[in-house]
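Give me the fold of what follows.
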Amino acid sequence: MKKILLIEDDPFLSSLLKTKIQKNGFDVVWAADGEAALENLRKSDFDLILLDIILPKKTGFEVLEEMRMDPQLHAKKTPVIIISNLGQEEDIKRGQEFGVVEYLIKAKISIDDLVNRVKDFFNK
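The predicted structure is shown next:
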């Protein structure tokens, strides 16, 4: 079973996403802030990370930076899909510089479409 780390601070959205993704046969671990995300990444291996940018404690960009700088995390090369309300061109460009596989704008994508993107990612 593919294991996904969902890093999202909105409890309602997290719960909804987690439930829908699990119904499609994935194991989902939820982290509500950047520090919890990094703890999870150090403890376990994931097949995909769904990452919000605006997070408490450490932002999504800080999480990506730490993943790049920490040899243990960098070696895993876990693919990341950003799901954020930050849709400015410079934010998207910054995400791409970190090598994210996709940058999705929350306001422009439905929950079902997001779940389909996750399924498509694993069906490539």
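
how far away is the residue sitting nearest the centre point of the chain from P71?
By CA atoms, centre = their mean, the chain has its centre lying nearest to L50, at 1.7 Å. For L50, the distance to P71 (CB to CB, to the nearest Å) stands at 24 Å. (Each C-beta comes from the backbone N, C-alpha and C, glycine too.)

So I53, which state does it fall into?
coil (DSSP: H, G, I helix; E, B strand; the rest coil).

what sits against L16?
I111 (CB atoms under 8 Å, 6 or more residues apart in numbering).

For it, grab phi and psi.
phi -60, psi -50 (degrees, to the nearest 10).

Model confidence for the closest residue to F122 other than its chain neighbours, exactly?
Nearest residue to F122, sequence neighbours excluded (CB to CB, 6 or more residues apart in numbering): K2, at 5.7 Å. Looking at K2, its pLDDT stands at 96.

Surely K2 touches N24?
No - contact criterion CB atoms under 8 Å: K2 and N24 do not qualify, at 9.7 Å.

out of these two, which sits in the busier spot?
Between K2 and N24, counted using other CB atoms under 10 Å, the more crowded position is K2 (16 against 13).

Phi and psi next, for that one.
phi -70, psi 140.
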